[in-house]
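K.L.:
Task: produce atomic coordinates for the following.
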Amino acid sequence: MVNVALRMFEKGQACLSVWFIKGLVLPVMALFVLQACSQENKPEISPRISHDNFLVLDAHLDTPLVLDRPGFDITLRHDPMHDYAQIDLPRMREGGLDGGFWVIYTPQGALTPQGYEDARAHAWHRNDLIDKMLADHADDFTLATTADEAATIVAKGKRVVYKSIENAYPLGTDLTQLDAFYQAGVRMVGLVHMTNNQFADSSTDPEGPVWNGLSPLGMELIRRANALGMIIDMSHAHDVALAQAIELSKTPVILSHSGAGHLYEHPRNVGDALLLDLAASGGVMHINSLSGYLKKLNIDPARRPALVALFKELRENPLQTEADTMAFLEARRAIDAKYPPDFASFDNVMAHIYHAHALMGAAHIGIGLDWDGGGGVDGLQDILGLPKITAAMREAGMSDADIAAMWSGNLLRVLELVESSKK
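P.N.:
Numbers count the residues shown, from 1 in each chain. Down below sits the predicted model:
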């Protein structure tokens, strides 16, 4: 099928979204925006197109965590509640997920030379897992490094693999390491994770901020990412760091997997005033589905320590064999049986989408559900539920142009901007 991006203009200004639709043959190839298009000026398709005909990208796929399990085969179908795997090729096809940013995640460790060295090795290992998937399944997955490659890859019947870094900790204090990851195909960098690091304060560090936002090195990291042509991802960052990044970055920053603080006050969620600043700068918030960020959960207090202990053991003793994988999954299922999880609902996810849409406009919203990294709610436990999101947005009165922008257009618009702005 031919993938199309429409270029539209309103009152002499480009719109903030990019309308990528599969299966429509139209004479122009790109739609870029600086402000949300007015409802009356948006082209409509009649009859309305199906979920499968949107270009559907997720901004934050933690699936490399699962690729690291011996015996895992991404070409086989898995069960999210039994295998704890939310993405595989059969479900990508059935759920209409065309790809997204596959995450090189590194847990935070000591801010020491040895800590940086160990973290760097861990990050390159994760990168190698993505590369191995690309090599082993070249007929199904293709690396993308530019905005326009996504539509071309999907037109060939393949899935799109952009690379991103979650937690820049592995870079240490040597920013030339970012250049090396760029050469390996990374096009997005998230500065910080659950606790403060050498670049920025985290929104969830129990000790509170240490830098009052960005550190001097963090500011240099943003400048270097701008020069290379990489998206700045401020999910997990303290609000002050986010505000500073919006001001400092020469291109719009994004939140790859976040939520609206207006609906649920959690440090990982962002308040309306800051979201409006993000929108005014051209940035995008991608809505996540991690239950604990969407509502207060009713969970046995013993569940969290049990899970922390299990994953600590996993970090200290990585899985080596398929038997190790089976033992890990059995231990995880035993914790769930003893201390059952509680989940937010599909309606909770949609409420964050609706609130962001009303506040920021469709040109500043995307989807980053945190698959394989903690995401998943009742009614949306894996990517098979993605068509429900499209249906719900339709029921809420959103146009095809809005939906296309939110599924991929806004993310690709930012990627196009960082490409064109690099030195």
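
K.L.:
now the helices: where do they sit in the protein?
P.N.:
64-67, 89-95, 113-136, 149-155, 176-183, 216-228, 239-248, 272-280, 303-316, 322-338, 346-360, 386-395, 400-404, 410-421 (DSSP state H).

K.L.:
Pick the most deeply packed of the ones you listed.
P.N.:
Stretch with highest mean neighbour count among the helices of the chain: helix 400-404 (a mean of 25; mean count of other Cβ atoms under 10 Å). Any C-beta I mention is one placed from the backbone N, CA and C, and that applies to glycine too.

K.L.:
which other helices and strands contact it?
P.N.:
Contact here means 3 or more Cβ pairs under 8 Å, 6 or more residues apart in numbering; DSSP states H and E; on that basis helix 400-404 packs against strand 19-22, helix 386-395.

K.L.:
could I get the helices of the chain as JSON lines with mean pLDDT and distance to residue 256?
P.N.:
Listed next are the helices of the chain as JSON lines, based on pLDDT from 0 to 100; distance: least, Cβ to Cβ, whole Å:
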{"stretch": "helix 64-67", "mean pLDDT": "98", "distance to residue 256": "15"}
{"stretch": "helix 89-95", "mean pLDDT": "98", "distance to residue 256": "19"}
{"stretch": "helix 113-136", "mean pLDDT": "98", "distance to residue 256": "16"}
{"stretch": "helix 149-155", "mean pLDDT": "98", "distance to residue 256": "16"}
{"stretch": "helix 176-183", "mean pLDDT": "98", "distance to residue 256": "16"}
{"stretch": "helix 216-228", "mean pLDDT": "98", "distance to residue 256": "14"}
{"stretch": "helix 239-248", "mean pLDDT": "98", "distance to residue 256": "12"}
{"stretch": "helix 272-280", "mean pLDDT": "98", "distance to residue 256": "13"}
{"stretch": "helix 303-316", "mean pLDDT": "94", "distance to residue 256": "22"}
{"stretch": "helix 322-338", "mean pLDDT": "97", "distance to residue 256": "25"}
{"stretch": "helix 346-360", "mean pLDDT": "98", "distance to residue 256": "14"}
{"stretch": "helix 386-395", "mean pLDDT": "97", "distance to residue 256": "17"}
{"stretch": "helix 400-404", "mean pLDDT": "96", "distance to residue 256": "19"}
{"stretch": "helix 410-421", "mean pLDDT": "97", "distance to residue 256": "9"}
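
K.L.:
can I get the ones you listed in TSV with distance to residue 297?
P.N.:
Listed next are the helices of the chain as TSV, based on distance: least, Cβ to Cβ, whole Å:
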stretch	distance to residue 297
helix 64-67	22
helix 89-95	25
helix 113-136	29
helix 149-155	35
helix 176-183	35
helix 216-228	32
helix 239-248	23
helix 272-280	24
helix 303-316	10
helix 322-338	14
helix 346-360	11
helix 386-395	22
helix 400-404	30
helix 410-421	29
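
K.L.:
Any idea which of the ones you listed gets closest to residue 378?
P.N.:
helix 346-360 (6.6 Å; Cβ to Cβ).

K.L.:
Need the residues that contact that closest one.
P.N.:
Contact with helix 346-360 is made by 259-260, 262-263, 272, 275-276, 278-279, 285, 287, 289, 291, 294-295, 364-365, 369, 377-380, 385, 388-389, 392-393, 396, 398, 402, 406, as judged by Cβ atoms under 8 Å, 6 or more residues apart in numbering.
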